[in-house]
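Engineer: output the structure for:
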Amino acid sequence: MAEQQVTMGSSDDGCVVHIEGLHKHFGSLEVLKGVTLKVERGEVVVILGPSGSGKSTLLRCINLLEKPTDGSIHFEGNCITAPKVNINRLREKVGMVFQSFNLFPHLSAKGNVMLAQRKVLKRSKAEAEKIAVEQLEKVGLGDRADYLPAQLSGGQQQRVAIARALAMDPHVMLFDEATSALDPELVRDVLDVMRELAEGGMTMIVVTHEMGFAREAAHRVVFMDEGVIVEEGLPDDVFGSPQHPRTKDFLGHIA
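Structural biologist: Prediction:
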């Protein structure tokens, strides 16, 4: 049976990601317990919560790095949790940036940004190189295009990883604790790139502990705990007057 083709177009109601009743089990451990969430085009949604609350698992389910146990995920109007979905076609349009940079050590920054363009999108070497240079310039690394990862700081490596994702022309970007592995002085440059993306209208779902970024860049803040969404709302509302006791306790400990 052929794979179901996912047509990446605009959904009628402007919703890019629609998650409904999502469950994820790892053996007997239930990590996600019926999560429902909608993300509109151009929206920046920041997901907060303690370790083990299911935040990263939720992101990994969106691009099917983890297969949901139950529930559904629609991407641009298409059910991507249906059987025989073309996962690779989906991932072309869902960029993801992880805690670890996952760069190939033997390739330059430019080479890392070119690779998936060549292998997945089948772009010519010249086109892939042109786009790689453009994206590296966008993240402030135009002068580091020929540097190997070992010659770059952690923050610079993470910005290469962001450039690599952007070079695939994603419709949504997922950030999973993109700054948590960085020294504090390197965090700002990565957050600045993320802010610029948000201001440019990129649809973003961001798991982070950077409260300043959440306050400034998010259109909506979602607080998760023990596999469920406990509270969500505008940043000023969630930070200024959280309604759920668990949210109040979490924010009280990190303030």
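Engineer: for residue 172, give me its contacts.
Structural biologist: 16, 17, 39, 75, 93, 94, 95, 202, 203, 204, 205 (Cβ atoms under 8 Å, 6 or more residues apart in numbering). For glycine as for every other residue, the C-beta is placed from the backbone atoms N, C-alpha and C.
Engineer: quick check: the fifth one touching residue 173?
Structural biologist: No - under the contact definition of Cβ atoms under 8 Å, residue 93 does not touch residue 173, with a separation of 10.4 Å.
Engineer: compare these two (neighbour count), which wins?
Structural biologist: residue 173 (22 against 17; other Cβ atoms under 10 Å).
Engineer: the more buried one: what secondary structure?
Structural biologist: With DSSP: H, G, I helix; E, B strand; the rest coil as the basis, residue 173 sits in strand.
Engineer: how about it, what does it touch?
Structural biologist: 95, 96, 97, 165, 166, 197, 202, 203, 204, 205.
Engineer: helix, strand or coil: sort out the first one for me.
Structural biologist: Put simply, residue 95 is strand when judged by three-state DSSP.
Engineer: so what's the residue count around it?
Structural biologist: 24.
Engineer: now the last one
Structural biologist: Residue 205 sits with 25 neighbouring residues when counted by other Cβ under 10 Å.
Engineer: you'd agree it is in a strand?
Structural biologist: Yes - per three-state DSSP, residue 205 lies within a strand segment.
Engineer: didn't it look like it was pressed against residue 171?
Structural biologist: No - look at residue 205 against residue 171 with Cβ under 8 Å: they stay out of range, at 11.9 Å.
Engineer: rewinding a little: what's the farthest-apart pair in the contacts of residue 172?
Structural biologist: 75 and 202 (15.3 Å; Cβ to Cβ).
Engineer: these two - which one has more neighbours?
Structural biologist: residue 75 (26 against 19).
Engineer: those strands in the stretch 51-200 of the chain, which residues are they?
Structural biologist: Counting by DSSP state E, counting those that start in this stretch, the stretch 51-200 of the chain has strands at residues 70-75, 78-79, 94-97, 172-176.
Engineer: now the ones you listed in JSON lines, with distance to residue 241?
Structural biologist: Shown next, in JSON lines, are those (distance: least, Cβ to Cβ, whole Å):
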{"stretch": "strand 70-75", "distance to residue 241": "31"}
{"stretch": "strand 78-79", "distance to residue 241": "37"}
{"stretch": "strand 94-97", "distance to residue 241": "31"}
{"stretch": "strand 172-176", "distance to residue 241": "26"}
